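Peer 1: what's the 3D shape of this:
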Amino acid sequence: MASLPVTSPGSWVFSGDVPAVFVDHARHSVPLYDAGHDLVCDLSTCFLGRDQPRVGYELGSATGQLLHRLASHGPANSATHWIGVDREAAMVKAARERCADLDNVEVVEGDLTAIGFQQCDFVVAYLTMHFLPPGHRRQVLHRICQALRPGGAFFMFDKVLAPGAQLEDLITTLHYRFKRNAGLTPEEILNKKESLLGVLQPGSTNDNLSGLREAGFASYGTILKYLAFEGFIAIK
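Peer 2: Down below sits the predicted model:
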């Protein structure tokens, strides 16, 4: 298994050598990583009809693995114009190469707090929103809701905090065991935790649900959960 470069506390970035090992590392670190991709692709077909031009987004598209799957997942998805957004140039380059065989995909370099959204039908943020400070996160959620057509949907999969210190400690322990059983060494686990200090800023389930409500979504709830990772669906 490829390893991430050793970093200092709070120094995590998605540039440099990270794109080359990103997917492999995520599979060893995030429970249900691929199962979540399966769910998102299946979910997207519920909101992408073929009666008019459709637009879908992946926010934080990284190396383009999920974006490619979304854009080629059946006739309706293939007829949809997909826009992947990432702020790291190296990730944008990797995603463009990954999706080069698809003519319905556009990958742009941009900051989620600053880009303008087109009117759209389905938006995915997979392990993305928890890297935004809470104030910026709520602003982006509001702009996503505004951009979605009525009946459109937003899927967000993030790390979440447990409701209480005892449960948080238990879930953290089980997550560490998951990563160790997946092949990560204790040193790699500790290095990753140190590098994410102050960079990863997860909220609780209630924080995320209240953010979706305040953004203006009519219906929202949990659709996937395992340990500290939770997937939310929100419908306009």
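
Peer 1: For the nearest residue to R213 once chain neighbours are set aside, I want the exact helix or strand it lies within.
Peer 2: With sequence-adjacent residues excluded and distances taken as C-beta to C-beta, 6 or more residues apart in numbering, R213 is closest to Y220, at 6.7 Å. Bear in mind the C-beta positions are built from the backbone N, C-alpha and C, glycine included. In this assignment (DSSP states H and E), Y220 forms part of strand 219-226.

Peer 1: name the helices or strands packed onto that strand?
Peer 2: Packing contacts for strand 219-226, counted by 3 or more C-beta pairs under 8 Å, 6 or more residues apart in numbering; DSSP states H and E, involve helix 33-44, helix 205-215, strand 229-235.

Peer 1: what's the most buried one of these?
Peer 2: strand 229-235 (a mean of 22; mean count of other C-beta atoms under 10 Å).

Peer 1: Please enumerate the strands of the protein.
Peer 2: Along the chain, the segments classed as strands by DSSP state E run 55-59, 81-86, 105-109, 120-126, 148-159, 219-226, 229-235.

Peer 1: before we move on, back to that, so how many other residues sit close to the residue nearest to R213?
Peer 2: For Y220, the neighbour count with other C-beta atoms under 10 Å is 21.

Peer 1: Test my guess that it contacts K236.
Peer 2: No: with contact defined as C-beta atoms under 8 Å, Y220 does not count as touching K236 (9.9 Å).

Peer 1: any idea which residue sits dead centre in the protein?
Peer 2: Taking C-alpha atoms, centre = their mean as the criterion, Y126 is the residue nearest the geometric centre of the chain, at 1.3 Å.

Peer 1: Quick check: closest non-adjacent residue to that one.
Peer 2: The nearest residue in space to Y126 (C-beta to C-beta, 6+ apart) is F157, at 4.9 Å.

Peer 1: hey, what's that neighbour bridged with?
Peer 2: Judged by DSSP bridges, the bridge partners of F157 are Y126, G231.

Peer 1: Kindly confirm whether my reading is correct that it touches L224.
Peer 2: Yes: with contact defined as C-beta under 8 Å, F157 reaches L224; the gap is 6.9 Å.

Peer 1: any common contacting residues for these two?
Peer 2: Here F157 and L224 share the contacting residues 36, 230-231, scored by C-beta atoms under 8 Å, 6 or more residues apart in numbering.

Peer 1: ok, so of these, who is nearest V30?
Peer 2: Lowest distance from V30 to the shared contacts of F157 and L224 (C-beta to C-beta) belongs to G36, with 8.0 Å.

Peer 1: Not counting its neighbours along the chain, what's nearest the closest one?
Peer 2: The nearest residue in space to G36 (C-beta to C-beta, 6+ apart) is F157, at 5.5 Å.

Peer 1: residues touching the one you found, list them.
Peer 2: So F157 contacts 36, 40, 125-127, 224, 229-232 (C-beta under 8 Å, 6+ apart).
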